[in-house]
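In: Just a sequence and a predicted model for now, questions to come.
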Amino acid sequence: MHRFFRRHVLLAALACAGSASAAPATDDDATVLARLDHAMQKAVVDRDPVAFADFLTDAYVLVVSNSRMVDKAGVVAEIDSEHGRMDVNDSSDLRIRVHGDTAMVIADLHQVGRNGDTPFDYWVRYTDTWIRTGDGWKCLSGHATRLTR
């Protein structure tokens, strides 16, 4: 994986802007979104770009700590890159808000792996925006910021 992806990526979590008629999150929505978040993070460790891509809308954009924007194709291409690997990609402390057909998840993400020959172990906080589509919840946008611990 390229350095920008490994250091600032994964999202993921779900960010949202609600509609005026938005309803509070139901337990079902929050449970589904938490499960999707976990499966999305696992797809990174499993190096499964097909599974990972299925979580994202075609218009997906990730904004990383250095303000760089990466589109769906760029993020998906990093999943099984020969330049590195992700051994740990675990989200925690998920805060999920659902407003109608839009949801926001804010979480911390612990990432451990290698970028080429260089090991890394760091944390990011991410916000992902999800929308409910005819095919279920899809991630529309993500923002990741490196944490100092």
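Out: Noted; the coordinates are in hand.

In: Downstream of the helix ranked longest in the chain, the next helix or strand is which one?
Out: Here the longest helix in the chain is taken by residue count, with DSSP state H as the criterion, and it is helix 27-45. Note on helix 27-45: by DSSP states H and E, the next helix or strand toward the C-terminus is helix 49-54.

In: which helices and strands does the following helix or strand past that next one pack with?
Out: Once helix 49-54 ends, the next helix or strand along the chain (criterion: DSSP H and E) is strand 56-63. Packing partners of strand 56-63 (3 or more C-beta pairs under 8 Å, 6 or more residues apart in numbering; DSSP states H and E): strand 69-71, helix 72-79, strand 136-147. All C-beta spots, glycine's among them, are computed from the backbone N, C-alpha and C.

In: Please identify the most buried of those.
Out: Per-stretch averages of neighbours, counted by mean count of other C-beta atoms under 10 Å, single out strand 136-147 among those, with a mean of 20.

In: and the angle from it to helix 72-79?
Out: When axes from the mean of the first three to the mean of the last three C-alpha atoms, to 10 degrees is applied, the directions of strand 136-147 and helix 72-79 differ by 70 degrees.
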